[in-house]
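>>> Just need the structure, nothing else, for what follows:
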Amino acid sequence: FSLSRSTMSMDVAPILSIPAHLWVECLSFLRAEDMHAAGTRLCRSLAGAELPAEAAAHFRVLSVLRATGGTVRRWPSERWTRLYAVAWASVAEMYRVLAAYAPDHVEQATDLAASVVFGVANVHLPCLDRAPVILACVEWKSCRLDLVAPARIIRIASELADLGLWRPASDLLRAHGRDPGSSNPYPGCTIGQRSEEDADAYTMICKFLIDRLYSATYVNESADDALDLCRAVAAGRAAVLNAPFPATVVPGEFLRAAYASLELGRATSLMGQHVGLGVLTRPSRNAEPIHTPPEGKRWSAQAKSESYFREGLENLENSLRRMGGDGYTEEPWKMEEAFAATLAARGELLYCASSVSDHLHQQLDIFPRSRKWGTVTARNLTHASLSDLARSFCRLQTKIDSCGPSPDVQRACADPSVPRGALILQVQTAKDLAKVMGFASGMGNVVPGHRPSVFFDYSLVVCIELFGPHHPSTKNVKRLLDHHVGTEFEDLED
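Residues are numbered from 1 along each chain as shown. Here you go, the predicted structure:
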């Protein structure tokens, strides 16, 4: 089957007489790389012939993925002729990786591609326990993801991040046009031409990189960590620029702006800590402090650190103020999660500032317009951090308890009435609360009636239920528990 140039100039009446289902059958025999070209030529020769070409490609995609009709989602900007090429390429790449790293599961190449690339639900993967190792070795460029919609890229990146593959997830987003490390400090951020997908992608890049840094447990003087931290700050700033708070409360835009501010606040918290502790001395150009040094002061590590903390506080407090206002009644769970997450992020920022203040033996000037916490010493900052983290945890736990889940952790984690995102946030907040309790007790600022081990235990148990014993987040909680409480784990599988 072919369409030559002469075909386009001949009388198309005989072609028009061919039923559509025959065109579908004919086109379905073509290879992926030929079907798009054939469909394009057919469109030029035959009015409305695009439909048979698309129908043939749809049929072939379902055949390649061994899925049933309707289970493969196609975004409006995608064409089945292109997804056909993606299906073949992704299956071939999954087969290559499985043959190298899990030869006993090579027959699952199709299922892996269907689940990760195409989002086919209810695909059983016996090799799921090794999925992080396998997917970390995938060359995503070989999967022809340049042919899919940006929303599909974002979904695939989210799948990778859920497995703890934060670096591959952020690299995937950056490789497809969202690179905050480029020469433009705010790529894609042209006023008047903002994109929801740009804002989501930048927010996710920032989140993934910060999650990876937190999973390492301790501040490290690493070139990779420094690069990721600078990229996270640049991506967070790009997200905030792409997702400003709307003048009126619009659910989608409002939450998008709230999460962009949240992730920038988390990124500047870690950046301020790294700079203040002397671990990172030269941030990249697109991640430099946005404030000028105070009059009469040189641009010292402390001044730079204070600038990052101020930037984070400005974004987090602005977000908390807007979310605390009236008028937002839709999506109560998402709103509650966003508020609790922002409150916890402010608590974590104050802890990072406290660690810098304690290290430098200096008070920090990070509240230029407010003396809410009085003199900003390490002790004051620690106390304020504990207050924010405790409020966040109790507020969200009250919301979770109102759903009536079982007191048994396993059943509560499986309860469909409790969003998974809320449980993940509680894991992070409990872990941070216990960590700051340990830091406070080391300063003699003991919190009466509370033991860090209680919150570490809660975080570890829920983490294992949600992610399993080998997830980086689970291992991070275990290391913190061992460091602060002295508990050793021989085997996390037990």
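
>>> Residue 399 contacts residue 334, correct?
No. Assessed by Cβ atoms under 8 Å, residue 399 is found out of contact with residue 334, at 11.5 Å. Just so you know, the C-beta spots here come from the backbone N, C-alpha and C atoms, and that holds for glycine as well.

>>> In the chain, where's the longest helix?
Among the segments of the chain that qualify as a helix by DSSP state H, the longest is helix 332-360.

>>> Find the centremost residue of this protein, please.
Taking Cα atoms, centre = their mean, the centroid of the chain lies closest to residue 204, which sits 3.8 Å from it.

>>> Can you give me the buried ones in the longest helix of the chain?
334-358, 360 (16 or more other Cβ atoms under 10 Å).

>>> before we move on, what about stretch 451-466?
452-453, 455-460, 462-466.

>>> Turn those residues into a markdown table, including pLDDT and distance to residue 304.
Formatted as a markdown table, those follow (pLDDT from 0 to 100; distance: Cβ to Cβ, whole Å):
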| residue | pLDDT | distance to residue 304 |
| --- | --- | --- |
| 452 | 74 | 31 |
| 453 | 80 | 36 |
| 455 | 89 | 32 |
| 456 | 89 | 33 |
| 457 | 89 | 38 |
| 458 | 89 | 36 |
| 459 | 91 | 32 |
| 460 | 92 | 35 |
| 462 | 91 | 37 |
| 463 | 92 | 34 |
| 464 | 91 | 39 |
| 465 | 90 | 41 |
| 466 | 89 | 37 |
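
>>> mind listing which of the residues you listed are in helices?
Residues of the buried residues of stretch 451-466 located in helices (DSSP H): 452-453, 455-460, 462-466.

>>> Give me the neighbour count for residue 292.
Residue 292 sits with 10 neighbouring residues when counted by other Cβ atoms under 10 Å.

>>> mind checking the SS state of it?
coil (DSSP: H, G, I helix; E, B strand; the rest coil).

>>> Starting from residue 323, give me the distance back to it.
Counting by Cβ to Cβ, to the nearest Å, the gap from residue 292 to residue 323 is 30 Å.

>>> what do you get for residue 243?
Residue 243 sits 14 Å away from residue 323 when distances are taken as Cβ to Cβ.

>>> With residue 467 instead?
Residue 467 is 28 Å from residue 323, where distance means Cβ to Cβ.

>>> So for the two, which sits in the more crowded spot?
The neighbour count for residue 467 versus residue 323, taken as other Cβ under 10 Å, is higher for residue 323 (21 against 18).

>>> Just to check, that one is in contact with residue 336?
No. Contact between residue 323 and residue 336 fails when scored by Cβ under 8 Å: they sit 9.5 Å apart.

>>> number of nearby residues for residue 313?
22.

>>> Can you work out which other helices and strands pack against the helix or strand hosting it?
Element membership for residue 313 (DSSP states H and E) is helix 301-323. Here helix 301-323 touches helix 251-276, helix 332-360, going by 3 or more Cβ pairs under 8 Å, 6 or more residues apart in numbering; DSSP states H and E.

>>> How confident was the prediction at residue 135?
The model reports residue 135 with a pLDDT of 87.

>>> could you measure it against residue 158, distance?
Distance, residue 135 to residue 158, by Cβ to Cβ: 13 Å.

>>> out of these two, which sits in the busier spot?
Taking neighbours as other Cβ under 10 Å, residue 135 and residue 158 compare with residue 135 leading, 20 against 14.

>>> Just to check, that one is in contact with residue 165?
Yes. Using Cβ under 8 Å, residue 135 is in contact with residue 165, at 6.1 Å.

>>> and residue 76, what does it touch?
residue 149 (Cβ atoms under 8 Å, 6 or more residues apart in numbering).

>>> Next one: it relative to residue 304, how far apart?
Distance from residue 76 to residue 304, by Cβ to Cβ: 45 Å.

>>> helix or strand right after the longest helix of the chain?
Where DSSP H and E defines the elements, the next helix or strand beyond helix 332-360 is helix 378-401.

>>> picking up where we left off before, for residue 336, see how far away the residue nearest to the centre of the chain is.
Counting by Cβ to Cβ - residue 204 and residue 336 are separated by 21 Å.

>>> do residue 402 as well
The gap separating residue 402 from residue 336 is 10 Å, by Cβ to Cβ.

>>> again with residue 72
Look at residue 72 and residue 336: by Cβ to Cβ, they are 34 Å apart.

>>> Compute the number of surrounding residues for residue 415.
Residues contacting residue 415 under the criterion other Cβ under 10 Å number 16.

>>> you'd agree residue 232 is up against residue 205?
Yes. Using Cβ under 8 Å, residue 232 is in contact with residue 205, at 7.3 Å.

>>> So residue 159 sits against residue 112, correct?
No. Between residue 159 and residue 112 there is no contact, the gap being 11.1 Å when judged by Cβ under 8 Å.

>>> which of the two has more neighbours?
Comparing residue 159 with residue 112 by other Cβ under 10 Å, the one with more neighbours is residue 112, at 26 against 16.

>>> Need the pLDDT of the more buried one.
So, for residue 112, pLDDT stands at 85.

>>> residues contacting residue 261?
Each residue near residue 261 by Cβ under 8 Å, 6+ apart is listed here: 240, 315-316, 318-319, 342.
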